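In: need coordinates for the following:
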Amino acid sequence: MVRQRLSAYRSYVREQLEAAFGEDHPATDIALSFSLGLFVAALPNFGLALVLFAALIRYVDRVSSLALLVVLVIMNPPVKWAIYAVGFWLGSQLLGPVPGISVTEFSIVDLSLSVGPEVFIRVFLGSCCLAAGIALVSYVAALRFIRELRQREIELVDGLPDLSSE
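Out: Numbers count the residues shown, from 1 in each chain. Here you go, the predicted model:
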């Protein structure tokens, strides 16, 4: 059951990526939109990423709206909570532990602002480091994927017989 759901989710994400990366924008613009979107979405931004994405789509012509839509599909709540938990661990490694809270006791409840700025700073710093890494990897991967997808489409079109002369 879980394996089927993961397989269906993976197929859905792949379809969305192919649709986004098949746009008429230059490959670098699509890859940059995708990686910038992942960077912003991976940060603890309290939903402001949606507002930023809408503004970017509205006012910046080079932004791929489908790439940002794919980011929203990928960065669903369970993924974001995992990023926050790893971000807290990474932030604790960089800044030291928070008195009274261990990484093993960290939970969703600990992300509320009531536990203090110490936790938030660690979550934000760690998430920022993770987001930068995710953005770099996703830019390279998206660029390669887009170029491969477009090359495959060119090969398919070049392999078709010319029916215009008939």
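
In: which residues touch the most centrally placed residue in the chain?
Out: In the chain, the residue lying closest to the centroid (CA atoms, centre = their mean) is Leu38, at 3.0 Å. Shown in contact with Leu38 (CB atoms under 8 Å, 6 or more residues apart in numbering): Val71, Ile74, Met75, Ala131, Ile134, Ala135, Ser138. All C-beta spots, glycine's among them, are computed from the backbone N, C-alpha and C.

In: apply 7 Å and report the result again.
Out: Each residue near Leu38 by CB atoms under 7 Å, 6 or more residues apart in numbering is listed here: Val71, Ile134, Ala135, Ser138.

In: where in the protein is pLDDT low?
Out: Across the chain, residues meeting the criterion (pLDDT under 70) sit at 16-23, 100-115, 154-166.

In: what ranges does it have for its helices?
Out: In the chain, the helices defined using DSSP state H lie at 2-21, 27-42, 48-59, 65-74, 77-95, 117-158.

In: would you mind finding the most buried of those?
Out: Of all the helices of the chain, helix 27-42 has the most neighbours on average by mean count of other CB atoms under 10 Å, namely a mean of 22.

In: just put the contacts of Leu38 in JSON lines and tack on distance to Leu94.
Out: Output for the contacts of Leu38, formatted as JSON lines (distance: CB to CB, whole Å):
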{"residue": "Val71", "distance to Leu94": "26"}
{"residue": "Ile134", "distance to Leu94": "17"}
{"residue": "Ala135", "distance to Leu94": "19"}
{"residue": "Ser138", "distance to Leu94": "22"}
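
In: between those residues, which is nearest His25?
Out: Ranked by distance to His25 (CB to CB), those are led by Val71 at 15.0 Å.

In: dump the residue contacts of that closest one.
Out: By CB under 7 Å, 6+ apart, Val71 lies in contact with Phe34, Gly37, Leu38, Ala41.

In: need those residues in a markdown table (columns: distance to Gln151).
Out: Putting these into a markdown table (distance: CB to CB, whole Å) gives the following:
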| residue | distance to Gln151 |
| --- | --- |
| Phe34 | 18 |
| Gly37 | 24 |
| Leu38 | 24 |
| Ala41 | 29 |
